[in-house]
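Q: Coordinates only, no sequence provided:
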């Protein structure tokens, strides 16, 4: 397949909307129907992060086939690392300030609280592998680097045919530890690059490597398969969260990260989009795809500030967090607020969207000579 794939570009920004939905938890706690709506949105949104992993793996395979794998691998790791650092530099001061204010209001030692938070933020495993030292939301970027590294290692030793089977094996362990805990107790953390990021990135890599080129004449079949998998996904999560536990929507919302259905939905949707590469080509959606990663790294800070504002209003006697209008407001506010801040950072030449996101390097690059 050659040329621009408009459908994938468009889905990036659409998937980013769903990522924000996952983190803003719309309508949860607003009665039984609110929880039901949240379950519906959460289930529909779960393809989003796997989609980003798959897309990254697909284009990694494409670039490996057309250029030097080692050089491209290093280039991508440098780019992703710069985005991760940008996210940390933006998020940490915001979280630090909020924590200091909260400690002061609670009568706790601000110095001790900030020291503990800083120590946690620089803990090596959390910072470099799990990606949760500052915000759990940023885990995707270290996980993607780890997945790229594993794939490149297999390619480097000429064992690329083993990548997918190995990734599936690790992912099965991840599923048992995350969603199918009734079968076995996994005594270690599994929401990371090895058990989830590696699998989905490899899945995208395999689609290109195995020369799986869905044709437009079969696009309806892929769309139908996607619909069937979506139905299965909903049924699976409902069974895991309610039928097998005896819980109801009145008790809360079941929202595990990934299940078997998540992989099926993501794969069939991805194949459908590949079969219709010009889908949305006559709209503005493809051009917004490059901003998806920006919304991703900025929205933890925006969400934190808005949630803090909601808590502040509650303390002042104005309860908003449990109101319908707040739930209608929060998700679009986080998405468009994050998009606006990212575009402002680009306009001020703090970051380079298609290049490095390290602010100091960007400023040096754009500084006029002499």
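A: Thanks, I have it. From a predicted model like this one, the values you see are computed outputs, not experimental measurements.
Q: Buried ones in stretch 49-56, by neighbour count?
A: Going by neighbour count (16 or more other CB atoms under 10 Å), the buried part of stretch 49-56 is 49-56. Heads up, the C-betas are built off the backbone N, CA and C, glycines and all.
Q: so where's the protein uncertain?
A: Applying pLDDT under 70 to the chain flags residues 1-2, 360-370.
Q: Pull the contacting residues for the residue most central in space within it.
A: Nearest to the mean C-alpha position of the chain, counting by CA atoms, centre = their mean, stands residue 49 at 3.9 Å. Counting by CB atoms under 8 Å, 6 or more residues apart in numbering, residue 49 touches 15, 19, 140, 200.
Q: what helix or strand is it on?
A: helix 48-66 (DSSP states H and E).
Q: C-terminal to that helix, what's the next element?
A: helix 69-105.
Q: could you give the angle of that following helix to helix 48-66?
A: Counting by axes from the mean of the first three to the mean of the last three CA atoms, to 10 degrees, helix 69-105 lies at 150 degrees to helix 48-66.
Q: Give the buried residues for helix 69-105.
A: 69, 72-73, 76, 79-88, 90-92, 94-96, 98-100, 103.
Q: tell me the contacts of the nearest residue to residue 73 once chain neighbours are set aside?
A: Of all residues not flanking residue 73 in the chain, residue 152 sits nearest, at 4.5 Å (CB to CB, 6 or more residues apart in numbering). Each residue near residue 152 by CB under 8 Å, 6+ apart is listed here: 69-70, 73.
Q: so residue 270 touches residue 56, yeah?
A: No. If you go by CB atoms under 8 Å, residue 270 and residue 56 don't touch, sitting 11.7 Å apart.
Q: rewinding a little: where does the residue nearest to residue 73 sit: helix, strand or coil?
A: Taking DSSP: H, G, I helix; E, B strand; the rest coil as the rule, one finds residue 152 in the helix state.
Q: anything in contact with each of residue 270 and residue 56?
A: Shared contacts of residue 270 and residue 56 (CB under 8 Å, 6+ apart): residue 204.
Q: close enough to count as contact, residue 226 and residue 268?
A: Yes. Using CB under 8 Å, residue 226 is in contact with residue 268, at 4.2 Å.
Q: so what sits against both of the two?
A: Contacts common to residue 226 and residue 268, judged by CB under 8 Å, 6+ apart, are absent.
Q: For stretch 124-131, give me every contacting residue.
A: Under the criterion CB under 8 Å, 6+ apart, residues 84, 120-121, 132-133, 138-143, 146, 189, 192-193 lie in contact with stretch 124-131.
Q: rerun that using 6 Å as the cut-off
A: Contacts to stretch 124-131, defined as CB atoms under 6 Å, 6 or more residues apart in numbering, come from residues 132-133, 138-139, 142, 192.
Q: got the contact list for residue 11?
A: With CB under 6 Å, 6+ apart, residue 11 has these contacts: residue 273.
Q: how does it look with 7 Å?
A: 51, 273 (CB atoms under 7 Å, 6 or more residues apart in numbering).
Q: All further residue positions should be reported with the first residue as 41.
A: All right, first residue 41 from here; so that's residue 51.
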